[in-house]
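Student: I'll drop the sequence and a predicted model, then ask my questions.
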Amino acid sequence: MKVNEFEKGLVSTRSVKRFSKESNMHYTYRGINALLDNLDDLSEMIQHHQLHQRPRLETLQSYYEAENTNILRPNRRREDHLADNRAVHAFGEYVSGFIQGYMVGIPLKTNYPIDSVDEQLREINRVNDADEHNSELVLDQSIYGRAYELLYRSQADETRFTVSEVQHTFVIYDDTVEQNPIAGVRYLYNAFSEKTTVYLYTSSVINSYDLREDYSLTLLSEQSHAFDGVPIIEYSNNRFRRGDFEKVLSLIDLYDEAESDTANYMTDFNDAMLKITGNVDIDANDAKQMKEHNLILLQTEPDAEGKQTSADADYIYKKYDVQGTESYKDRVKNDIHMFTYTPNMDDDSFSGNQSGEALKYKLFGLEQKRATKERLFKKSLRERYRLINNIMTLASEGSFEPNSISITFTPNLPKSIKDEIDSFTSLGGELSDETKLSLLSFVENPQEEIAKREEERKQQRQTSSYMEVES
């Protein structure tokens, strides 16, 4: 009678997912003018973002901060008298931190073929501390699957860019196949005034609204900008905007549970139940005193025939399969590293004396992921410089072609400089003194060191000349 229940749809096939599809969907609309004419639709997007998208983002942030939600849930153990240790493991931080360091541990380089323009771009990057900024974007990408950048003109009339919090930011795209951005949204809650302000960035204006409890919007101000584009740029981690450790959250939970249960076993073993067998004359007070003094004295009573009986005492505890449990934890841990394409530094095969080329083979999966991340990052990065070019042109500060900017990522792998130099010199190559000094870790400024050495040589020549004259 049960055999046809699946075909008839009587058996539930709904899978239990941690996040719904709505938690990572794109917001689209038919156009910015239509959106401005229908602010109720903007209100629904903000409400949807708070109710469906922020919970996912907050969960990912919790796992990055080693506040793993599953192991920290209340009432994990049903018995109140048993140990309830909670061991959390920062796999999220390890995965994102490793990928961040691998991608931008060596800062990415931007070059322009015209020296004057190249120097302008370098100055903009210096003012905005672009190396740190790009590193933060890569980290947000890795954690949340997306990152947001906000461009603005400072009070000093400088072009600036900063990271916008993922949990309070989203971009609205048009409903064409090109999915061009038509607006960016930031909403900020002020705990002191208990008010939420919404900032809507279009290609020409920045509107601020007061968001009420019923999600209705009231216009507060309208300010124009000259970026000629939406000044909020989204950086996607991949096509699905998935975080780098998002797929292994369940495996992280399993590892937390296994380590916690191991710790609970060790604690419960210390508090094991004492079992006494035999015809023993002992009351509760005597047993309590014996426990406090860490000894036990058993006095047996004769049986019905007057014969002396025997007694025994031992502890009752669960048997612990050490080898099986440790193998299980190792398997879960290895799966976490395998599905995040990050190396397990505890693995004996991942030795520390391998060359950078050998390590590349072990990081082959991560190399493929890096290629995808770099392509998407470069796409958004060019949009940054396109907006910068727009405002520079309007302010008569110069202009450039964003597509002509050369963007170079350098994987941060350990390298043997000695092997590189030996190979270079064996081919007849020569290096300048400045380059040679730059390879030394204890020399901070090669040019300054060269100037000092020239000064010392000058003084030596003067001393030699003076000694020759004296002689």
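Tutor: On my side now, so go ahead.
Student: For the residue nearest to Q141 when sequence neighbours are not counted, give its distance to L60.
Tutor: Distance criterion Cβ to Cβ, 6 or more residues apart in numbering; nearest residue to Q141, sequence neighbours excluded, is N237 at 4.3 Å. All C-beta atoms are positioned from the backbone trio N, CA, C, and that covers glycine. If you measure N237 against L60 using Cβ to Cβ, to the nearest Å, the figure is 11 Å.
Student: Find the residues that touch each one of these two.
Tutor: Both N237 and L60 are contacted by Y144, G145, G243, under the criterion Cβ atoms under 8 Å, 6 or more residues apart in numbering.
Student: Which pLDDT does the model give the nearest residue to the first one once chain neighbours are set aside?
Tutor: It refers to Y144. Leaving aside its sequence neighbours, Y144 sits nearest to V166 (Cβ to Cβ, 6+ apart; 4.7 Å). V166 carries a pLDDT value of 97.
Student: same deal with N279?
Tutor: On the pLDDT scale, N279 gets 67.
Student: next one: E397
Tutor: The predicted structure lists E397 with a pLDDT of 84.
Student: Contact partners for the residue nearest to Y144?
Tutor: When the contact criterion is Cβ under 8 Å, 6+ apart, the partners of V166 are L57, D140, Y144, R146, A147, Y148.
Student: before we move on, back to that, I'd say the residue nearest to Q141 and V138 touch.
Tutor: No: N237 sits out of contact with V138 when judged by Cβ atoms under 8 Å, with a separation of 9.1 Å.
Student: intersection of neighbour lists for the two?
Tutor: Between them, N237 and V138 have A147, K373 as joint contacts when contacts are counted by Cβ under 8 Å, 6+ apart.
Student: how about the strands in the stretch 251-400 of the chain?
Tutor: Remark: strands assigned in the stretch 251-400 of the chain by DSSP state E, counting those that start in this stretch are 273-278, 311-316.
Student: Inside helices: which ones of the contacts of V166?
Tutor: Among the contacts of V166, the members falling in helices are L57, D140, Y144 (criterion: DSSP state H).
Student: Verify the stated contact: the first one with Y144.
Tutor: Spelled out, it's L57. Yes: with contacts defined as Cβ under 8 Å, L57 counts as touching Y144 at a distance of 5.5 Å.
Student: Between these two, point out the one with more neighbours.
Tutor: With other Cβ atoms under 10 Å as the criterion, L57 and Y144 differ in neighbour count, and Y144 comes out ahead with 27 against 22.
Student: measure that one to E58 for me?
Tutor: According to Cβ to Cβ, Y144 and E58 sit 10 Å apart.
Student: what lines up beside the helix or strand where E234 lies in the sheet?
Tutor: When elements are assigned from DSSP states H and E, E234 belongs to strand 232-236. Looking at strand 232-236 with DSSP bridges, its partner strands are strand 146-153 (antiparallel).
Student: So which other helices or strands are in contact with whatever helix or strand comes next after the strand it pairs with?
Tutor: Counting by DSSP H and E, the element after strand 146-153 in chain order, helix or strand, is strand 159-164. Strand 159-164 sits against helix 130-144, strand 146-153, helix 364-394, with contacts defined as 3 or more Cβ pairs under 8 Å, 6 or more residues apart in numbering; DSSP states H and E.
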